[in-house]
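Student: fold the stuff below for me.
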Amino acid sequence: MVQKFCEQCGSPLKENSRFCVKCGAQVLSESQIIYVNNRKIPGRGYGISSMVLGIIGCFYLFVQLLNIISAISLESLSLDIDLIILALNVTLYAVLSLLALIFGILARKRKYQCGISSSGIVLGVLGMAIAVISLIMVAANI
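Tutor: Below is the predicted model of the structure:
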């Protein structure tokens, strides 16, 4: 038997159910039911992409922030070019965090995997905050 999913939120539907138990959406006909084998569930890739990009962006931004802090505190930067390279790295990983934020919002609008998309949004905002702090620190030392 093919598993049926709610078109509104993507949660599994019980056989012959008229309403989704998760979001309460009414299931009136076959056109409102998504079959996993026949059609892609809307928003599925956005939530997962948001979380993965958020994790990668936050991790590398945190590493870059530690590099900036250690370079400034040790005064090991002989050239301003080192700080510029660090700033470019921060900017690159800030783009990942921004994409995590965008994909998380798209997944939330499609009401699919709210937990995963919420974590992607939080990680995207956290990554953007780390990027701003890092870029301010670099700008103050150039």
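Student: with residue 74 as the reference, measure out to the nearest residue to residue 133 once chain neighbours are set aside.
Tutor: Once flanking residues are discounted, residue 133 sits nearest to residue 65: 6.7 Å by CB to CB, 6 or more residues apart in numbering. Placement of C-beta: from N, CA and C, glycine included. Distance, residue 65 to residue 74, using CB to CB, to the nearest Å: 15 Å.
Student: okay, those two: which has more neighbours?
Tutor: Using other CB atoms under 10 Å, the more surrounded residue of residue 65 and residue 74 is residue 65, with 18 against 8.
Student: wait, doesn't that one sit right on residue 129?
Tutor: No. The pair residue 65 / residue 129 is not scored as a contact, 10.4 Å apart, by CB atoms under 8 Å.
Student: now the closest residue in space to residue 19 that isn't next to it in sequence: how far from residue 20?
Tutor: Leaving out its chain neighbours, the residue that sits closest to residue 19 by CB to CB, 6+ apart is residue 26, at 5.6 Å. Using CB to CB, one gets 8 Å for the distance from residue 26 to residue 20.
Student: neighbour count winner among those two?
Tutor: Using other CB under 10 Å as the criterion, residue 26 and residue 20 rank with residue 20 on top: 21 against 10.
Student: what's the distance between the more buried one and residue 45?
Tutor: Distance, residue 20 to residue 45, using CB to CB: 21 Å.
Student: next: residue 26.
Tutor: Residue 26 sits at a distance of 26 Å from residue 45 (criterion: CB to CB).
Student: then residue 100?
Tutor: Per CB to CB, residue 100 is found 13 Å from residue 45.
Student: domain ranges for the protein, per the record?
Tutor: Domains of the chain are assigned by automatic domain parsing as 1-41, 44-141.
Student: got JSON lines for these, with mean pLDDT too?
Tutor: Output for the domains of the chain, formatted as JSON lines (pLDDT from 0 to 100):
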{"stretch": "domain 1-41", "mean pLDDT": "67"}
{"stretch": "domain 44-141", "mean pLDDT": "82"}
